[in-house]
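> Sequence and predicted structure, then a few things I'm wondering about:
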Amino acid sequence: MILIRDVRLLESNGNWDILVEGNRIKRIGRNLLEKESIDKRDVEIIDGKNMAAIPGLVNTHTHIPMTIFRGVADDIPLMEWLNNYIWKMESKLNEELVYIGTLLGTVEMIKSGTTTFNDMYFHLDGIIKGVLESGIRAVLSYGMIDLFDEEKREKEIKNCEKIVKKIIKMDNPRIKPAIGPHAPYTCSKELLTFSHEIAREYNIPVHIHMNETLNEIKIVKEKTGMRPFEYLNSIEFFEGVKVIAAHCVHLSDREIDIIEKKSVVVSHNPISNLKLGSGIAPIPKLLEKNILITLGTDGCGSNNNLNIFEEIKISSLIHKGISLDPTSIPGEVSFKFATLNGGKALNLEVGVLKEGYLADIVLVDLRKPYLIPVENLKSHLVYAFNGVVDTVLIDGNVVLRDGKMTNIDEYKIYEMAEKAYSKLVEDVDIKRDN
Ligand SMILES: C[C@H]1O[C@@H](n2cnc3c(N)ncnc32)[C@H](O)[C@@H]1O
Ligand SMILES: [Zn+2]
């Protein structure tokens, strides 16, 4: 058991104790050591004085191994970015490079309070290894791209089935499977239909890029005569499955109706959308409907970090700015995007500090200048905090203590990641500035 003592909570005044048993929150109360007559020899005590406890944050859209692509290709449009840089470098990836990129990404996420991420990428064995070692929680999908080629499609389908079965067989509480058709402009109708069917068969979510840029909408319209959400709806893509749609930047009213009617979950990635010049998703409009909004960072090639606190802040400020309405997207709402809503989106009992929920808990040290006056802590976590957290529990295990990873050597990972990066760029002929 672990007892976090004397810690501040966001939703109630004063200090509290949180008792963790196994991988769940057993009790939240006061003087639990006495009340629950816990034998001191059976419990690890964490001193929560001068700390606040918040639910571990949820990042609903990442490509975690892209940490080793960070900074390679800034300031260029999406299609050029994908074709001339990213997809070239990805063709050189292997399990080892992906494993290292994943480790770096999990360290970065845990140190900034993210305890669950929803990922779409390749070489899943490397990602799984990194997730297992780091102690983080993940929903993992194999990113499928067939570019409308039948031979590629068969390969993608085989890979997808293999990985879903492997993750399910692992039966690890911290790793869940999802189905990851990349996007309607890179996946054939058959591959999209396969994705829907297998997601339904295994009752697992679908994770897909949707309506990120005007260009891709034009491509889909030329191919199908419909806008992306209309096209997917026409092949019953949303029937009976939960779809997490990343981006959703350029939407028609009809598409917004489909999102609402089919309970599509939106992963709003404001920083990636800004950095790639894709646009700004109409979040205030979506909030008028019954639509679940969550937050994602996308990959480090288009952000360039995995600090979801930045998405919380900017997903509030940006909409105030473009609507000229400072009451738009209040801080409490954007904080919920990355906590309560993230847990709902992924069907995980995370994102709330509540008895019975999974023990994914983040402790923030309040003795920081930007968290004073502490009374307005809820506001600071949205508008002032830099995301550097102190202690993190995931699935009831302490993975970060006093800002240091407990179970992996972070400095060794930084070295490994530097080597991985040099290997990656030396094999690939991409023009680089320096
Ligand atoms: C899983 C696949 O998605 C690609 N990828 C990474 N970022 C984006 C983005 N913003 N939009 C579309 N695809 C992206 C990865 O580079 C990989 O090829
Ligand atoms: Zn993406």
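Alright, I've got the coordinates. Ligands and ions are numbered 1, 2, ... in the order given.

> Now do the helix or strand bottoming out on mean pLDDT in the chain: which elements does it pack against?
In the chain, the helix or strand scored least confidently by mean pLDDT, DSSP states H and E is helix 78-80, which has a mean of 85. Helices and strands touching helix 78-80, by 3 or more Cβ pairs under 8 Å, 6 or more residues apart in numbering; DSSP states H and E, are helix 214-224. For glycine as for every other residue, the C-beta is placed from the backbone atoms N, C-alpha and C.

> can you do 7 Å?
For helix 78-80, there is no helix or strand it packs on, judged by 3 or more Cβ pairs under 7 Å, 6 or more residues apart in numbering; DSSP states H and E.

> Centre of the chain to that helix, how far?
Put simply, helix 78-80 sits 22 Å off its chain's centre (Cα atoms, centre = their mean, to the nearest Å).

> Same question for stretch 275-288.
Counting by Cα atoms, centre = their mean, stretch 275-288 comes out at 18 Å from the chain centroid.

> Closest residue of the stretch 1-150 of the chain to ligand 1?
residue 143 (3.2 Å; Cβ to the nearest ligand atom).

> After the helix or strand containing that residue, which helix or strand is next?
Taking DSSP states H and E as the criterion, residue 143 maps to strand 137-144. Counting by DSSP H and E, the element after strand 137-144 in chain order, helix or strand, is helix 150-170.

> Residues of the chain that sit close to ligand 1?
Contact residues (Cβ under 6 Å from any ligand atom) of the chain with ligand 1: 63, 86-87, 90, 120-121, 143, 182, 209, 212, 272, 298-299, 302.

> at 5 Å what do you get?
63, 86, 120, 143, 209, 298, 299, 302 (Cβ under 5 Å from any ligand atom).

> The strand or helix carrying the third one pairs with which strands, and in what direction?
Residue 120 is part of strand 114-121, with elements assigned from DSSP H and E. For strand 114-121, the pairing partners within the sheet under DSSP bridges are strand 57-62 (parallel), strand 137-144 (parallel).

> Out of these, which one sits most buried?
Ranked by average neighbour count under the criterion mean count of other Cβ atoms under 10 Å, these are headed by strand 57-62 at a mean of 29.

> low pLDDT regions in this structure?
By pLDDT under 70, the low-scoring segments of the chain are 427, 429-434.

> and the residue positioned nearest the centre of it, what are its bridge partners?
Taking Cα atoms, centre = their mean, the centroid of the chain lies closest to residue 59, which sits 2.1 Å from it. Counting by DSSP bridges, residue 59 is bridged to residue 117.

> show me the contacts for it.
With contact set as Cβ atoms under 7 Å, 6 or more residues apart in numbering, residue 59 has these partners: 109, 114, 117, 118, 295, 296, 297, 306, 308.

> count of neighbours near the second one?
The criterion is other Cβ atoms under 10 Å. On that basis, residue 114 has 31 neighbouring residues.

> so it makes contact with residue 308?
Yes: at 5.3 Å, residue 114 counts as touching residue 308 under the criterion of Cβ atoms under 7 Å.

> okay, and the common contacts of those two?
With Cβ under 7 Å, 6+ apart, residue 114 and residue 308 have common neighbours 57, 59.

> picking that back up, can I get the contacts of residue 59 in a markdown table with distance to residue 404?
Output for these, formatted as a markdown table (distance: Cβ to Cβ, whole Å):
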| residue | distance to residue 404 |
| --- | --- |
| 109 | 15 |
| 114 | 17 |
| 117 | 21 |
| 118 | 26 |
| 295 | 26 |
| 296 | 27 |
| 297 | 23 |
| 306 | 18 |
| 308 | 20 |
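
> Report the secondary structure state of residue 332.
Secondary structure, DSSP: H, G, I helix; E, B strand; the rest coil: residue 332 is helix.

> can you pull the contacts of it?
Residue 332 makes contact with residue 378, according to Cβ under 7 Å, 6+ apart.

> coming back round to it: helices or strands next to the helix or strand following the strand holding residue 120 in the packing?
From strand 114-121 onward toward the C-terminus, using DSSP H and E, the following helix or strand is helix 124-134. Judged by 3+ Cβ pairs under 7 Å, 6+ apart, helix 124-134 is in contact with helix 95-111, strand 137-144.

> can you list contacts of helix 124-134?
With contact meaning Cβ under 7 Å, 6+ apart, helix 124-134 is reached by 64-65, 95-96, 98-99, 102-103, 106-107, 110, 119, 121, 138, 140, 142, 163, 174-175, 399, 408.

> Also stretch 168-186?
23, 118, 120, 128, 131, 137-145, 147, 160, 164, 167, 187, 191-192, 195, 198-199, 204-209, 216, 219-220, 228, 231-232, 395.

> How about the secondary structure of residue 180?
Residue 180 ends up strand, using three-state DSSP.

> and if you look at residue 18?
Classified using three-state DSSP, residue 18 is strand.

> my read: it touches residue 28, true?
Yes: at 5.4 Å, residue 18 and residue 28 qualify as touching, with contact defined as Cβ under 7 Å.

> give the contact list for residue 21.
Contacts of residue 21 (Cβ under 7 Å, 6+ apart): residue 1.

> partner residues bridging it?
With DSSP bridges as the rule, residue 21 is bridged to residue 24.

> just the CA coordinates of stretch 420-427, formatted as CSV?
Listed next in CSV are the C-alpha coordinates belonging to stretch 420-427 (Å, rounded to 0.1, in the frame of the first residue of the first chain):
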residue,chain,number,x,y,z
ALA,A,420,19.6,7.0,-32.5
TYR,A,421,19.1,10.4,-34.0
SER,A,422,22.6,10.6,-35.6
LYS,A,423,22.0,7.1,-37.0
LEU,A,424,18.6,8.2,-38.4
VAL,A,425,19.8,11.4,-40.1
GLU,A,426,23.1,10.0,-41.4
ASP,A,427,21.2,7.3,-43.4
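
> Only the buried residues of that stretch, if you could.
Using 16 or more other Cβ atoms under 10 Å as the test for burial, stretch 420-427 gives 420, 421, 423, 424, 425.

> got the phi/psi numbers for the residue nearest to residue 46 when sequence neighbours are not counted?
With Cβ to Cβ, 6 or more residues apart in numbering as the criterion, residue 46 has its nearest non-adjacent residue at 4.7 Å, and that residue is residue 4. Backbone geometry at residue 4, expressed as degrees, to the nearest 10, gives phi -90, psi 120.
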